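This is a predicted model, with the sequence first.
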Amino acid sequence: MKALQGVEGHVEWVEAERPTCDAGQVRIRVAAAGLNRADLLQRAGLYPPPPGASPYLGLECAGVIEEVGPGADWRVGDRVCALLAGGGMAEEVVVDARHVLPVPEGLSLHEAAAIPEVYATAWLNLFQLGGLKVGEKVLVHAGASGVGSAAIQLCKAFGNPVWVSVGSPERLSYCQGLGAEGGVVRNQNLDDLDGLGPFDVILDPVGASYAQLNLTLLARDGRWVIIGLMGGRKVELDLALVLGKRLQVTGSTLRNRDDGFKAELLQELGQQVWPLFSEGRLKPQLVDTYPVAFAEAAYAELETNQVSGKLVLVIDDTLV
């Protein structure tokens, strides 16, 4: 089979060994795979996969099951999407059967490829680690990103008013169209967030450059969940604010979680979130698709930080 590999800052469609499908696993013929910022880091050699994971790119995919290992509760021919630690950008991928969910009714395989990673990330960090309760206020930095788009829709669906910081007025309008109450453009009026808070939970892929701002914006007993370091990794903080407000600061990654943790997360997503796609209350924000032959162009577009929503690589265009 073939798979997409990061090589010194670019990608190559290379011959790869076909993995075996063991007990508790399924083999998926991949139709499409979603792009994520983690893929950019892996392509650059900065984010190696966890031990034992596929060395190839791709943290989410959708396709059709073509082999079922002993004990796996799926059938050949099932249309599914999957959360992966790697290897989704390949003709085939083998995955723990517990990390697979059915394609929601009404969605194409291309759309389904855009939802596992971002919705799992948003749900984990807002509702599990962030402990969101109905009515609590949320701030999402980089609100027009794939994770941000998912987070806004989840907040709206579960009764949490949400605000955003974004890179342009157009991206702010996009977020408001998804359900955000409002927000700020980071290079124009970031300080205006002070008049929109305080916030109970802040979902933050930026890190150091927003750190002190986040502490001032959080309400008493607020939760700051850090999921990325786009704005740097080192910062000096006023810990008196952390103590005085009884704040919780949580660092979070999903890729290197163990199989059992991911299985429980996917089970909860299947129960709480997946039905909302069929009801039309959640929608994949699929911006564009690229044939795998044009993968480098897809990565270049994602790297501009101007994508509102998700990009998807089409691996097998005979599967829809």
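Sure, I can see it.

Spit out the contact partners of the most centrally placed residue in the chain.
Central residue of the chain (Cα atoms, centre = their mean): V118, 2.2 Å from the mean position. Neighbour list for V118: 34, 36, 60, 146-147, 149-150, 310 [criterion: Cβ atoms under 8 Å, 6 or more residues apart in numbering]. Every residue, glycine included, has its C-beta placed from N, CA and C.

what two of the residues you listed have the greatest distance between them?
Pairwise distances across the contacts of V118 (Cβ to Cβ) peak at 14.2 Å, for the pair E60 and S149.

what helix or strand is the residue nearest to the centre of the chain on?
In this structure, V118 is located in helix 116-123 according to DSSP states H and E.

Just give me how far that helix sits from the chain centre.
5 Å (Cα atoms, centre = their mean, to the nearest Å).

What pairs with the helix or strand following it, parallel or antiparallel?
Later in the chain than helix 116-123, the nearest helix or strand by DSSP H and E is strand 138-141. Strand 138-141 has the following strand partners under DSSP bridges: strand 162-166 (parallel), strand 199-204 (parallel).

Mind putting these into CSV with mean neighbour count and distance to A85?
Below are the strands paired with strand 138-141 laid out as CSV (neighbours: other Cβ atoms under 10 Å; distance: least, Cβ to Cβ, whole Å):
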stretch, mean neighbour count, distance to A85
strand 162-166, 27, 29
strand 199-204, 27, 22
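
Would you mind saying which of those lies nearest Q42?
Going by Cβ to Cβ, the one of those nearest Q42 is strand 199-204, 21.5 Å.

can I get the CA coordinates of the helix holding V118 in PDB?
This file holds the C-alpha atoms of helix 116-123, laid out as PDB (Å, rounded to 0.1, in the frame of the first residue of the first chain):
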ATOM      1  CA  PRO A 116     -13.000  12.800  14.800                       C
ATOM      2  CA  GLU A 117      -9.900  14.700  15.900                       C
ATOM      3  CA  VAL A 118     -11.400  18.200  16.300                       C
ATOM      4  CA  TYR A 119     -14.500  17.100  18.100                       C
ATOM      5  CA  ALA A 120     -12.700  14.700  20.300                       C
ATOM      6  CA  THR A 121     -10.200  17.400  21.200                       C
ATOM      7  CA  ALA A 122     -12.900  20.000  21.900                       C
ATOM      8  CA  TRP A 123     -15.100  17.700  23.900                       C
END
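
for the record, mean pLDDT for that helix?
Helix 116-123 carries an average pLDDT of 98.

now do stretch 139-151
97.

What residues sit buried inside it?
Neighbour-count burial for stretch 139-151 flags 139-151 (criterion: 16 or more other Cβ atoms under 10 Å).

which secondary structure element contains E111?
Counting by DSSP H and E, E111 is part of helix 109-112.

Using a markdown table, lay out the contacts of V118 together with secondary structure.
Output for the contacts of V118, formatted as a markdown table (DSSP: H, G, I helix; E, B strand; the rest coil):
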| residue | secondary structure |
| --- | --- |
| G34 | strand |
| N36 | coil |
| E60 | strand |
| G146 | helix |
| V147 | helix |
| S149 | helix |
| A150 | helix |
| K310 | strand |
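
and which of those residues is nearest A113?
G34 (4.9 Å).

ok, how many other residues are close to that closest one?
Residues lying near G34 (other Cβ atoms under 10 Å) number 29.

Run through the bridge partners of it.
V312.

That one touches S149, doesn't it?
No. Contact criterion Cβ atoms under 8 Å: G34 and S149 do not qualify, at 11.9 Å.

between those two, what contacts are shared?
With Cβ under 8 Å, 6+ apart as the test, G34 and S149 both reach 118, 310.

and the strands paired with strand 138-141 as JSON lines, adding distance to L218 and mean pLDDT?
Shown next, in JSON lines, are the strands paired with strand 138-141 (distance: least, Cβ to Cβ, whole Å; pLDDT from 0 to 100):
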{"stretch": "strand 162-166", "distance to L218": "13", "mean pLDDT": "98"}
{"stretch": "strand 199-204", "distance to L218": "6", "mean pLDDT": "98"}
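
Turn those into TSV, columns for distance to L239.
Output for the strands paired with strand 138-141, formatted as TSV (distance: least, Cβ to Cβ, whole Å):
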stretch	distance to L239
strand 162-166	24
strand 199-204	17
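
what's the closest of those strands to L215?
Ranking these by proximity to L215 (Cβ to Cβ) places strand 199-204 first, at 9.5 Å.
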